[in-house]
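S.K.: next one to model:
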Amino acid sequence: MSLATIDSYRPATEPAIAPAPAPASTPSRLRAVPEGTEARGFALYVGIDEQKALDAGTDLSEIVTALKRLAAELVPGAESYAAVALAPVGAGGRDVDVVRLALQDPAALAKHRQAAPAEPAAEPRGGVVIDISRKRVQLDGEVAPLTYKEFELLQFLVLREGRTIDRGEIIATLWADGAGDDIPNERTIDVHVRRLRAKLGAYEDIVRTVRGAGYRFDRHADVAIRWASTPSPDLF
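M.R.: Residues are numbered from 1 along each chain as shown. Prediction:
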């Protein structure tokens, strides 16, 4: 029998051999992440002033919205948070450096401290010192026992000095990432403010209650505010 005849007796189709399963991929590890920790997100500092955005036919809000949309498209369900960095009008320096300082980037702060001339230690003084850079409040030289949320509430009002803020705006900003039962109602905000004012003691009137409208921070002669660089209210 010829080879051609033998070939004619082969099955029309031969059973397919399943390919070997691909080895499970291991996610690449960022070099900056130490062992025993995991990356949970990242910060992207973007240096664009309002005029540059306008010259390009857009504005900062549109840029933020586009970046948030891109993150959601790449990773559905990804959470994002943005804050705007403020600087005095006419301040020099690269935009991105101003942003990193204003938003408390540790590396930028360390570099800034190394470059800054040493300042003599300030003499102890009475009154209120609201230290934004260290997130603490001193009353007559003693650190006030504010919780993290109480300081956030005070800082929120300080950054909007002189403006009456309604309870809804406070909830929408300070509890923007909350879920379900974690989000307070307007009556709960009154409780938070009452506890904050109690811890401010004799200086409680720096947080004013504007009846029927909300709350306002009023600066007095005995109130000092310390910034790391420039205030950075959360506007997005």
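
S.K.: could you use CA atoms for every contact and neighbour count after this?
M.R.: Will do.

S.K.: how about the strands in the protein?
M.R.: Along the chain, counting by DSSP state E, strands occupy 128-131, 136-139, 142-143, 207-210, 214-217, 223-226.

S.K.: measure the closest residue to residue 152 other than its chain neighbours to residue 151 for me?
M.R.: Once flanking residues are discounted, residue 152 sits nearest to residue 174: 7.5 Å by Cα to Cα, 6 or more residues apart in numbering. From residue 174 across to residue 151, the span is 11 Å (Cα to Cα, to the nearest Å).

S.K.: what does residue 127 give?
M.R.: Here the criterion is Cα to Cα. By it, residue 127 lies 17 Å from residue 151.

S.K.: what of residue 58?
M.R.: Residue 58 is 34 Å from residue 151, by Cα to Cα.

S.K.: what do you get for residue 63?
M.R.: In this view, residue 63 and residue 151 are 30 Å apart by Cα to Cα.

S.K.: among those two, which residue is more densely surrounded?
M.R.: In this view residue 63 and residue 151 are compared by other Cα atoms under 10 Å, and residue 151 has more residues nearby, 19 against 13.

S.K.: these two touch, right, the more buried one and residue 136?
M.R.: Yes: Residue 151 is within contact range of residue 136, at 7.1 Å (criterion: Cα atoms under 8 Å).

S.K.: can you list the domains in the protein?
M.R.: 42-117, 125-236 (automatic domain parsing).

S.K.: most packed of these?
M.R.: Each of the domains of the chain was scored by mean neighbour count; the highest is domain 125-236, a mean of 15, by mean count of other Cα atoms under 10 Å.

S.K.: list the contacts of residue 225.
M.R.: The contact partners of residue 225, taken as Cα atoms under 8 Å, 6 or more residues apart in numbering, are 129, 130, 131, 132.

S.K.: one more time with 6 Å, if that's ok
M.R.: 129, 130, 131 (Cα atoms under 6 Å, 6 or more residues apart in numbering).

S.K.: please tell me how far the closest residue to it other than its chain neighbours sits from residue 208.
M.R.: Sequence neighbours aside, residue 130 is the residue nearest to residue 225 in space, at 4.8 Å (criterion: Cα to Cα, 6+ apart). Noted for residue 130: a distance of 16 Å to residue 208, by Cα to Cα.
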